[in-house]
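A.B. asks: coords below, sequence missing:
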């Protein structure tokens, strides 16, 4: 059974200790990676997730990934880091190179879910705020509460005043999540756009890694 | 139940107590209380510049330190900034009239492709509080916009901000253009934003990376002092 969203947000996911390839990933990607793993029968792949809440403190991501790599590198043939740059300003890429492990390309998960080229082609989207399936489900934990909007609703326009629309990048076709995403947009005072992405470049990246074994 | 009996009457506090209370009110983001206290101090004959530096900047410095130490978070800092903005709005016209000292001038803006301005706005406000004249270009600024503003405003400092890994390289475009035009040495270039770091600042040719608004103010003051020393040395 997949771990709960709350657990992935605050605790992450411990590796099972089986397999030759370890994926060290953001907890926000756990459901999608586990789904791909099941779908493709990638039994040689194990998954360790860091708490998704690191998304709120990008300056901590590089150190946490490094700790995880060092803690597990002797237990697997190879490690693949399933983070994009994620606001680390290139530091994660540099650390992964130093540690000799590969990582997903791109600036963040919004880009690789949609496909790096397609995402980059949206030149008119600088004022878009993105949510994925996980972030729609965890909207209160990742957006509403950390931004203080539950306690200080008057901050909404200070924080989101320059945004114009919320884009829900859907990994799965789920009417309940669509309705929730639309409600999130309304709460933030933004226009709403639905965009089905599926697993995008995440799937491609993992297929390449899986094929190397 | 009303807690009216426990309410503090700001006008009843002596000056020291009132300034301390303003520190607390800024910390708690109480804009109306800050505005009232500013008016009280003005009525008591405090110079606008003294209110700005001793009460407002003093209070925001505490907020900044606690933010850096992880005691306060973005929402609380925004509320505090909003309260300070209320006080600044009263003082700004008076500062010009009363000939408050001007430490230097800064043009600041978020780079092209980026709409994030919370950090930039905080820096701008704290720089104003420290006696700098600030010209804010807003968000999504192309290199031409920076160059126009530098030409028109002739500032001492150029400040650039970015929140995204994808937009921060644009700072180098601006700096490289300044170099090409032989204007780089005319300005102190300070950069900041969540994904930046010191190495990045050095790599793109900025004078300094500033991790937060308080550091930006201190760095700007240091560079201005060095500039004055150089000019004095002839």
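C.D. replies: It's in. What you see is a predicted model, and the numbers here were worked out from it, not measured in a lab.
A.B. asks: can you tell me which residues in chain A are near chain B?
C.D. replies: Remark: the part of chain A in contact with chain B comprises A:58-59, A:85, A:87-91, A:107-108, A:126-127, A:146-149, A:151-152, A:155, A:158-159, A:162-163, using C-beta under 8 Å from any C-beta of the partner chain. C-beta: built from backbone N, CA, C; applies to glycine.
A.B. asks: try 7 Å
C.D. replies: Contact residues, chain A versus chain B (C-beta under 7 Å from any C-beta of the partner chain): A:58, A:85, A:87-89, A:91, A:107, A:126-127, A:147-148, A:152, A:155, A:158-159, A:162-163.
A.B. asks: got the contact list for the residue in chain B positioned nearest to chain A?
C.D. replies: The minimum distance from chain B to chain A, using C-beta to the nearest C-beta, falls at residue B:75 (2.4 Å). Residue B:75 sits next to A:147-148, A:152, A:155 when contact means C-beta atoms under 7 Å, 6 or more residues apart in numbering or on different chains.
A.B. asks: ranges for the helices of chain A?
C.D. replies: A:5-10, A:30-40, A:61-72, A:91-99, A:109-114, A:116-120, A:133-137, A:139, A:156-160, A:175-188, A:200-211 (DSSP state H).
A.B. asks: list just the nearest of the contacts of residue B:75 to chain B.
C.D. replies: residue A:148 (2.4 Å).
A.B. asks: just the pLDDT at residue 204, thanks.
C.D. replies: Here I'm looking at chain A. For residue A:204, the pLDDT comes out at 95.
A.B. asks: wait, chain B
C.D. replies: Looking at residue B:204, its pLDDT is 98.
A.B. asks: what of residue B:234?
C.D. replies: 64.
A.B. asks: skipping adjacent residues, who's closest to residue B:95 in space?
C.D. replies: Of all residues not flanking residue B:95 in the chain, residue B:48 sits nearest, at 5.0 Å (C-beta to C-beta, 6 or more residues apart in numbering or on different chains).
A.B. asks: count the residues that sit near residue B:136.
C.D. replies: Around residue B:136 there are 20 other residues, counting by other C-beta atoms under 10 Å in any protein chain shown.
A.B. asks: what's the offset of the lowest-mean-pLDDT helix or strand in chain A from the middle of its chain?
C.D. replies: Lowest by mean pLDDT, DSSP states H and E among the helices and strands of chain A is helix A:116-120, with a mean of 90. In terms of C-alpha atoms, centre = their mean, to the nearest Å, the centre of helix A:116-120 is set 16 Å apart from its chain centre.
A.B. asks: how about the contacts made by residue 111?
C.D. replies: Picked chain A for this. A:84, A:119.
A.B. asks: could you do chain B instead?
C.D. replies: Residue B:111 neighbours (C-beta under 7 Å, 6+ apart): B:141, B:160, B:162, B:167, B:170-171.
A.B. asks: can you tell me how far it is from residue A:6?
C.D. replies: Distance, residue B:111 to residue A:6, by C-beta to C-beta, to the nearest Å: 37 Å.
A.B. asks: skipping adjacent residues, who's closest to residue 136 in space?
C.D. replies: Using chain A. In space, residue A:136 is closest to residue A:181, 4.7 Å off (C-beta to C-beta, 6+ apart).
A.B. asks: to clarify, I was referring to chain B.
C.D. replies: Nearest to residue B:136 is residue B:124, by C-beta to C-beta, 6+ apart, at 5.2 Å.
A.B. asks: now the top strand by length along chain B: mean pLDDT?
C.D. replies: Counting residues, the longest strand found in chain B (DSSP state E) is strand B:104-110. Mean pLDDT, computed over strand B:104-110, is 97.
A.B. asks: next, count neighbours for residue 188.
C.D. replies: Since no chain was named, I'll use chain A. The local packing of residue A:188 (other C-beta under 10 Å) involves 23 other residues.
A.B. asks: right idea, wrong chain: chain B
C.D. replies: 22.
A.B. asks: do the same with residue B:137
C.D. replies: When neighbours are counted by other C-beta under 10 Å, residue B:137 comes out with 20.
A.B. asks: what's the answer for residue B:123, then?
C.D. replies: Using other C-beta under 10 Å as the criterion, the residues surrounding residue B:123 number 27.
A.B. asks: for residue A:115, same thing?
C.D. replies: Residue A:115 has 17 neighbours, counted by other C-beta under 10 Å.
A.B. asks: hmm, back to that, between the helices of chain A, which one is closest to residue A:20.
C.D. replies: helix A:200-211 (10.7 Å; C-beta to C-beta).
A.B. asks: buried stuff in the longest helix along chain B?
C.D. replies: Determined from DSSP H, the single longest helix within chain B is helix B:74-97. For helix B:74-97, burial by neighbour count (16 or more other C-beta atoms under 10 Å in any protein chain shown) applies to B:74-88, B:91, B:94-95.
A.B. asks: thinking again about what came up before, list buried residues within the residues of chain A next to chain B.
C.D. replies: Buried among the residues of chain A next to chain B (16+ other C-beta under 10 Å): A:58, A:85, A:87-89, A:91, A:107, A:126, A:147-148, A:152, A:155, A:158-159, A:162-163.
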